[in-house]
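> following is a predicted model, sequence given first.
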2 protein chains.
Amino acid sequence: MKLLPERTVERLSKYRRVLQRELDNGVDHIYSHELAKLLHITPVQVRRDIMLIGHTGTLRKGYGIENLITLIGEIIDCNSTSQKVAIIGIGNLGQALLDYLNSSQTKLQLNAVFDNNPEKIGNSYSGTLCYNIDSLKKIVEREGITIGILTVPPQYAKEISIMMVDAGILGIINYTPVSLKLEGAFLEEYDVITSLEKVAYFAKPRNAKMLS
Amino acid sequence: MKLLPERTVERLSKYRRVLQRELDNGVDHIYSHELAKLLHITPVQVRRDIMLIGHTGTLRKGYGIENLITLIGEIIDCNSTSQKVAIIGIGNLGQALLDYLNSSQTKLQLNAVFDNNPEKIGNSYSGTLCYNIDSLKKIVEREGITIGILTVPPQYAKEISIMMVDAGILGIINYTPVSLKLEGAFLEEYDVITSLEKVAYFAKPRNAKMLS
DNA sequence: TATTTTGTGTTACAGAAATCACATAACAAC
DNA sequence: GTTGTTATGTGATTTCTGTAACACAAAATA
């Protein structure tokens, strides 16, 4: 299949979670406009996304939730081999994300945590062992980890991102304020300060008025 | 001035920080291609963003860093009254963000923290006092808080977002997995699981190959 | 003073994403 | 059957965002 648009993939992730909730409530079919309402988007967008992944709803009954969840799962995480995740840098943010992941029902499995602080190495964080950053490559290869969450202090970000790609990690989500450029891996950057300052701009009274 | 594109505002936030770093290193002018390189974007994009905010560089010397920082500051946070921020829900993620903000040099000031846990109310978190969520409106009005970071458990998200807007908050950044719909305030949503699953999709070996 | 170099400011274009508009099909009611 | 209703599937259009192209001005060169 062709590569899906980024925004569609993001929505698929959200669809799956609300669909799972509906399924748990005993609902087995859903209309595009119902799903749309749950996520505050338009029904057309829902239908377009579902069309893109090749699922087809039955007229008059909507979309079969169970099939749809399975299909989204195959697309996002589990084809032949399900993907494994590591957190690199287990400071405040790293630990918060770790707890967040553990408390959520994503299919992705957190397999390792890395740090350079000797007091942290060897400890278990919510059930996940912390390794020395120096053994990144060894552990990543051994465990088959393909996704890395980067939450190290900014001065290490570049160097460690290179190590990560070198170790065979295929996707990095960078929570560092340093902007990176990778060859051979998918990169997603999220900058907390940027998104806060963005909100600050649009929330300025003078600007807020312009937002219709 | 007209409202700036969202992406431009995001980049302005990043420009400011790298410019500040340059200034601290004693650099006083910078070329568009230098700034571009620091953020891994194109020089054209830098020039257009700077054009949009009405700053103009001097030929042969580039852009005056100090003026540019000041201008970006006026645009994003401090016009007449600088904006104030509150964190609502001081769990793991809330505390991590709090520390993150305190350790960064943004102009936005964290003025209050809210929670409903009696053991937390009255405590100081990295220097910021935690108030009872019931006094949200009172404190927000008294302190003039305009921006809220929402990090409560999902089941409270909707209810509390309504309280926030009602209290006069103009911009909310929602770290909850629940998607919201607000009237009268700017909303930015960030879903940790979604962005992780997005990376998972594009990092799948079969897809990664397609990324040129 | 003419010419080349260099970097900005701006317009025109291309690509991605969201939205519109509508054809189509299943079902219900009569 | 026929007709009306409702919800899906999708080509066409618009909107948003990034990129390429280029005109222009100052400095360096000769």
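Yes, it's here. Numbers count the residues shown, from 1 in each chain, chains lettered A, B, ... in the order given.

> dump the C-alpha coordinates for the longest helix anywhere in chain A into CSV.
Looking across chain A with DSSP state H, the single longest helix is helix A:6-24. Extracted in CSV, the C-alpha atoms of helix A:6-24 (Å, rounded to 0.1, in the frame of the first residue of the first chain):
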residue,chain,number,x,y,z
GLU,A,6,0.9,12.0,8.3
ARG,A,7,-2.2,13.6,9.5
THR,A,8,-4.2,10.6,8.6
VAL,A,9,-1.9,8.4,10.6
GLU,A,10,-2.3,10.6,13.6
ARG,A,11,-6.1,10.4,13.4
LEU,A,12,-6.0,6.6,13.0
SER,A,13,-4.2,6.4,16.3
LYS,A,14,-7.1,8.4,17.9
TYR,A,15,-9.8,6.5,16.0
ARG,A,16,-8.4,3.3,17.4
ARG,A,17,-8.6,4.4,21.0
VAL,A,18,-12.1,5.8,20.9
LEU,A,19,-13.3,2.8,18.9
GLN,A,20,-11.8,0.5,21.6
ARG,A,21,-13.8,2.4,24.2
GLU,A,22,-17.0,2.0,22.2
LEU,A,23,-16.3,-1.7,21.7
ASP,A,24,-15.8,-2.1,25.5
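
> can you give me the buried ones in it?
Within helix A:6-24, the residues that count as buried by 16 or more other CB atoms under 10 Å in any protein chain shown are A:8-19, A:22. To be clear about C-beta, it is placed using only N, CA and C from the backbone, and glycine gets the same treatment.

> can you tell me what sits against stretch A:2-17?
A:35, A:39, A:41, A:45-46, A:48-49, A:52-53, A:68-69, A:72-73, A:75-76, A:105, B:177, B:179, B:191, B:193-195, B:197-198, B:201-202, B:207, B:210-211 (CB atoms under 8 Å, 6 or more residues apart in numbering or on different chains).

> what is the mean pLDDT for that stretch?
The predicted model gives stretch A:2-17 an average pLDDT of 96.

> that one and DNA strand C in contact?
Yes - contact of stretch A:2-17 with DNA strand C (CB under 7 Å from any atom of the strand) involves A:5, A:6, A:7, A:8.

> and which of the residues you listed is nearest to residue B:100?
The shortest gap between residue B:100 and any of these belongs to residue A:6, at 25.2 Å (CB to CB).

> tell me the SS of residue A:107?
coil (DSSP: H, G, I helix; E, B strand; the rest coil).

> nearest residue to it in space, please, no chain neighbours.
Nearest residue to residue A:107, sequence neighbours excluded (CB to CB, 6 or more residues apart in numbering or on different chains): residue A:77, at 4.4 Å.

> measure how buried the one you found is and give me the count.
Other residues near residue A:77 come to 22 when the count uses other CB atoms under 10 Å in any protein chain shown.

> measure it to DNA strand C for me?
20 Å (CB to the nearest atom of the strand, to the nearest Å).

> and what of residue A:58?
7 Å.

> retrieve the pLDDT associated with the closest residue to that residue other than its chain neighbours.
Excluding its sequence neighbours, the residue lying closest to residue A:58 (CB to CB, 6+ apart) is residue A:64, at 7.2 Å. In the predicted model, residue A:64 carries a pLDDT score of 96.

> quick one: residues contacting the nearest residue to residue A:205 once chain neighbours are set aside.
Closest residue to residue A:205 apart from its sequence neighbours, by CB to CB, 6+ apart: residue B:170 at 6.7 Å. By CB under 8 Å, 6+ apart, the residues touching residue B:170 are A:203, A:204, A:205, A:208, B:146, B:147, B:185, B:186.

> mind putting these into TSV with distance to residue B:163?
Converted to TSV, the contacts of residue B:170 look like this (distance: CB to CB, whole Å):
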residue	distance to residue B:163
A:203	17
A:204	22
A:205	20
A:208	18
B:146	15
B:147	15
B:185	12
B:186	17
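
> what is the nearest of these to DNA strand D?
Comparing those against DNA strand D with CB to the nearest atom of the strand places residue B:186 closest, at 13.5 Å.

> and the residue in chain A that DNA strand C sits nearest to, how far from residue A:49?
In chain A, the residue that lies nearest DNA strand C is residue A:5 (3.0 Å; CB to the nearest atom of the strand). Separation of residue A:5 from residue A:49 (CB to CB, to the nearest Å) stands at 9 Å.

> between those two, who's got more neighbours?
More neighbours surround residue A:49 than the other of residue A:5 and residue A:49, with 23 against 12 (other CB under 10 Å).

> any idea how far the closest residue to that one other than its chain neighbours lies from residue A:20?
Spatial nearest neighbour of residue A:49, chain neighbours left out: residue A:8 (4.9 Å); criterion: CB to CB, 6+ apart. The gap separating residue A:8 from residue A:20 is 19 Å, by CB to CB.

> over to residue A:9?
Distance from residue A:9 to residue A:20, by CB to CB: 17 Å.
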